[in-house]
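Asker: Coordinates only, no sequence provided:
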Ligand SMILES: [Zn+2]
């Protein structure tokens, strides 16, 4: 089926039954595809954005979704407020990523009553080692590793998003009060969109002049392995700090030796820093979104995992000169 962002689907739900009835099938992927059988809605907590999108896609209209990471906040360093803890204590199910990815969340989870079902979505996934950064640059710009020392950014491979969707669907469909068939259909529809996205990455990054992905945020190893790219996360190039001459030299040498023409950052660089790097190493800079969360403004404008990944793919294709 044709993948699309959630935004038009949300709009559709307000347009009314007549318009909906005239649409050509496949509305199962819309939030609310699964209907409650009866009674009060279950409260399902999602620890940060990609998980929240999965829960909404699978059962959005039939459960109350409690997103723990507020729009615009970082996932890794989240500390729950007292009122969030109270809401969490009243939840029925919590989906999260464990192994120390969000220590502030896990600390609260460990004190919840055992009646609340807790599901660590890392289970069932292959979690990758952290790959060494570029030698000759200084320090860490991204200290995000799991307690086991592994890389938490599993969601950036659409295949892992699909596996997590299956895990969420499996837990929700065995939960009393939810419509098993509607959940299965909604999960199938969302997984189909993720599989289409994955195929777009495979085709779009098959033929590129460079296969080296230079990033400032070491978040893209799952995507790099899928696409057979080498991710090199450079330290010493941080939007908040001027890189040292030594770092710039190491990056420049690496860039020259590996046909690197674009360095990818997580956030927009200050113009002077971008210019410094461009002048020193002859590369340009662009953005990649690690999709750890969206601002409220982005969400209101229809931001979604799939839309953000398509944008990442376009930027990668341009930066790596893919045909
Ligand atoms: Zn990260």
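Answerer: Received, thanks. In this text, all values refer to a predicted model and were calculated from it rather than measured experimentally.
Asker: Hmm, residue 179 is touching residue 58, no?
Answerer: No. Using C-beta atoms under 8 Å, residue 179 makes no contact with residue 58, being 11.3 Å away. C-beta here means a position set from N, CA and C on the backbone, and glycine is covered the same way.
Asker: quick one, which of those two is more surrounded?
Answerer: Taking neighbours as other C-beta atoms under 10 Å, residue 179 and residue 58 compare with residue 58 leading, 32 against 18.
Asker: and whichever strand or helix holds that one, what other elements does it pack with?
Answerer: For residue 58, the element it lies in under DSSP states H and E is helix 49-59. For helix 49-59, the packing partners by 3 or more C-beta pairs under 8 Å, 6 or more residues apart in numbering; DSSP states H and E come out as helix 6-15, strand 42-46, strand 63-67, strand 93-96, helix 158-173, helix 180-204, helix 305-319.
Asker: Quick one: these as JSON lines, columns for mean pLDDT, distance to the ion and mean neighbour count too.
Answerer: Compiled in JSON lines, the helices and strands packed on helix 49-59 are given as follows (pLDDT from 0 to 100; distance: least, C-beta to the ion, whole Å; neighbours: other C-beta atoms under 10 Å):
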{"stretch": "helix 6-15", "mean pLDDT": "36", "distance to the ion": "23", "mean neighbour count": "14"}
{"stretch": "strand 42-46", "mean pLDDT": "97", "distance to the ion": "17", "mean neighbour count": "23"}
{"stretch": "strand 63-67", "mean pLDDT": "96", "distance to the ion": "18", "mean neighbour count": "19"}
{"stretch": "strand 93-96", "mean pLDDT": "98", "distance to the ion": "15", "mean neighbour count": "22"}
{"stretch": "helix 158-173", "mean pLDDT": "98", "distance to the ion": "14", "mean neighbour count": "22"}
{"stretch": "helix 180-204", "mean pLDDT": "97", "distance to the ion": "19", "mean neighbour count": "19"}
{"stretch": "helix 305-319", "mean pLDDT": "97", "distance to the ion": "14", "mean neighbour count": "19"}
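Asker: if I look at residue 313, how far off is residue 204?
Answerer: Look at residue 313 and residue 204: by C-beta to C-beta, to the nearest Å, they are 5 Å apart.
Asker: what do you get for residue 102?
Answerer: In terms of C-beta to C-beta, residue 102 sits 31 Å off from residue 204.
Asker: Repeat that for residue 290.
Answerer: On the measure of C-beta to C-beta, residue 290 and residue 204 end up 19 Å apart.
Asker: Give me the pLDDT value at the nearest residue to residue 211 once chain neighbours are set aside.
Answerer: Counting by C-beta to C-beta, 6 or more residues apart in numbering, residue 229 is the residue found nearest to residue 211 once chain neighbours are left out, at 5.1 Å. Looking at residue 229, its pLDDT is 94.
Asker: How about the residue of the stretch 1-150 of the chain found nearest the ion, nearest residue that isn't a chain neighbour?
Answerer: Per C-beta to the ion, the residue of the stretch 1-150 of the chain with the smallest distance to the ion is residue 144, at 4.5 Å. Distances taken as C-beta to C-beta, 6+ apart put residue 76 closest to residue 144, at 5.3 Å, once the chain neighbours are dropped.
Asker: coming back round to it: dump the helices and strands packed on helix 49-59 into TSV; add distance to residue 83 as well.
Answerer: Output for the helices and strands packed on helix 49-59, formatted as TSV (distance: least, C-beta to C-beta, whole Å):
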stretch	distance to residue 83
helix 6-15	26
strand 42-46	13
strand 63-67	11
strand 93-96	16
helix 158-173	25
helix 180-204	29
helix 305-319	27
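Asker: nearest to residue 134, of the ones you listed?
Answerer: Proximity to residue 134 (C-beta to C-beta) singles out helix 305-319 among the helices and strands packed on helix 49-59, at 16.8 Å.
Asker: by how many degrees do the closest one and helix 158-173 diverge?
Answerer: 170 degrees (axes from the mean of the first three to the mean of the last three C-alpha atoms, to 10 degrees).
Asker: Show residues contacting helix 305-319.
Answerer: Helix 305-319 has contacts (C-beta atoms under 8 Å, 6 or more residues apart in numbering) with 3-5, 49-50, 53, 155-156, 158, 161, 193-194, 197, 200-201, 204-205, 208, 210, 213, 223, 261-262, 264, 284, 286-289, 291, 294, 322.
Asker: Report the mean confidence score over stretch 131-149.
Answerer: Model confidence over stretch 131-149, given as mean pLDDT, is 70.
Asker: what about residue 134, which helix or strand?
Answerer: Using DSSP H and E, residue 134 sits in no helix or strand.
Asker: oh sorry, the question was meant for residue 231
Answerer: Going by DSSP H and E, residue 231 is part of strand 230-233.
Asker: Report the strands that pair with that strand, each with its relative direction.
Answerer: According to DSSP bridges, strand 230-233 has the following sheet partners: strand 212-215 (parallel).
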